[in-house]
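1. missing the sequence, but the structure's below:
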């Protein structure tokens, strides 16, 4: 048996919610938090080629959904362990992006490799350090990966102070 | 009929989740995003006395849960409209706090009154502007309200650069 939801406003609620016809469960939907990091080492940037959908085969940074009871920094560090077998040293918040269509808020941190070590994790086909001039701009997995790499570049150049937000006309 | 959950690991999942015995619904739990703002006007700070539980009768800043499809700044502005009938001008991210026990991430912005106007909204007993020396420190609703007011003060004094995080030993 599967849940069967009807859109209705529960007693005393200000919003309509999905309520299961069979069991009465109210499925409150909240925006989700994605945490990730732009990881640098010796002037290069760590990217991971995705082994899973969506965007399998494309390059991204270590990132994923924050789990219950984690701080965003802990979540970003966990994602780097899972996806790139990397231990991070965290250096502060680089950006807060909103992906409105997905109701996602992304908290992206600046980080570096704690010991220079990394390798492809289970959800990663390959992990590699890229010089800025070699970044595979045409094969990045998501628009926000473009944004955060450009913002990291602007930060390193001293052009602006983090945290950055969505580029204009792009939320 | 109500949902009856069993803690189990769904096929292909890496984590245990609550699954309804009756309908099979998987209740993924995600951390929640609270958005709010420290609102200043003519050197004073806007506080609202809560008309609802928890902490009815205590003072807080305009803040609440981010809704689907909002940017954090939009959510913070909406909360100020709802709780204090105030239009805000946003000035950037003041702090990112984690309330681990509640799996909350709080994004707190610096803001000012757009036109100097405000009044108590439905969930507010009274709204008022406080000089720093008159802040009702002993009657603040939540620890994070203490943190954000202290951090706003440090920012105004030029002592530190936002965004701030949890005070040490307090996450």
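-> On my side now, so go ahead. This is a predicted model, so every value here is computed, not measured.
2. surely residue A:126 is in contact with residue A:50?
-> No - taking contacts as CB atoms under 8 Å, residue A:126 lies outside contact range of residue A:50: 10.0 Å. No exception for glycine: its C-beta is placed from N, CA and C like everyone else's.
3. not counting residues beside it along the chain, what's closest to residue A:131?
-> residue A:44 (5.6 Å; CB to CB, 6 or more residues apart in numbering or on different chains).
4. any idea how many residues pack against that neighbour?
-> Around residue A:44 there are 16 other residues, counting by other CB atoms under 10 Å in any protein chain shown.
5. pLDDT wise, what is it at?
-> pLDDT, residue A:44: 98.
6. who has more neighbours, residue A:126 and residue A:50?
-> Comparing residue A:126 with residue A:50 by other CB under 10 Å, the one with more neighbours is residue A:50, at 18 against 12.
7. who is that one paired with across the strands?
-> On the basis of DSSP bridges, residue A:50 is bridged to residue A:124.
8. tell me who's in contact with it.
-> Contacts for residue A:50 were tallied using CB atoms under 8 Å, 6 or more residues apart in numbering or on different chains; they are A:56, A:57, A:58, A:59, A:60, A:123, A:124, A:125, A:141.
9. also residue A:69?
-> Contacts of residue A:69 by CB under 8 Å, 6+ apart are B:31, B:100, B:103.
10. for the second one, grab phi and psi.
-> What it means is residue B:100. When read as degrees, to the nearest 10, the backbone of residue B:100 gives phi -60, psi -40.
11. anything in the longest strand anywhere in chain A near chain B?
-> Counting by DSSP state E, the longest strand found in chain A is strand A:88-99. Yes - counting by CB under 8 Å from any CB of the partner chain, chain B has neighbours in strand A:88-99: A:93, A:96, A:98.
12. could I get these as a markdown table with neighbour count?
-> Converted to a markdown table, the residues of strand A:88-99 next to chain B look like this (neighbours: other CB atoms under 10 Å in any protein chain shown):
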| residue | neighbour count |
| --- | --- |
| A:93 | 21 |
| A:96 | 22 |
| A:98 | 24 |
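13. and which of these is nearest chain B?
-> residue A:98 (4.1 Å; CB to the nearest CB).
14. and the helices in chain A?
-> A:72-84, A:143-156 (DSSP state H).
15. tell me the most buried of those?
-> Sort these by mean neighbour count, taking mean count of other CB atoms under 10 Å in any protein chain shown, and helix A:72-84 sits at the top with a mean of 23.
16. got the residues of strand A:88-99 next to chain B as JSON lines, with distance to residue A:113 columns?
-> Below are the residues of strand A:88-99 next to chain B laid out as JSON lines (distance: CB to CB, whole Å):
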{"residue": "A:93", "distance to residue A:113": "19"}
{"residue": "A:96", "distance to residue A:113": "24"}
{"residue": "A:98", "distance to residue A:113": "29"}
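17. just so I know, which of the helices of chain A lies nearest chain B?
-> Per CB to the nearest CB, nearest to chain B of these: helix A:72-84, 6.1 Å.
18. now the angle from that closest one to strand B:88-99?
-> 70 degrees (axes from the mean of the first three to the mean of the last three CA atoms, to 10 degrees).
19. so which elements touch helix A:72-84?
-> Counting by 3 or more CB pairs under 8 Å, 6 or more residues apart in numbering or on different chains; DSSP states H and E, the packing neighbours recorded for helix A:72-84 are strand A:32-41, strand A:44-50, strand A:63-65, strand A:88-99, strand A:104-113, strand A:124-130.
20. mean confidence for the third one?
-> Strand A:63-65 shows a mean pLDDT of 97.
21. buried residues in it, which are they?
-> By neighbour count on 16 or more other CB atoms under 10 Å in any protein chain shown, the buried set for strand A:63-65 is A:63, A:64.
22. is that strand in proximity to chain B?
-> Yes - with CB under 8 Å from any CB as the criterion, chain B is reached by strand A:63-65 at residue A:65.
23. list the strands paired with that strand, with their directions.
-> For strand A:63-65, pairing defined by DSSP bridges yields strand A:32-41 (antiparallel).
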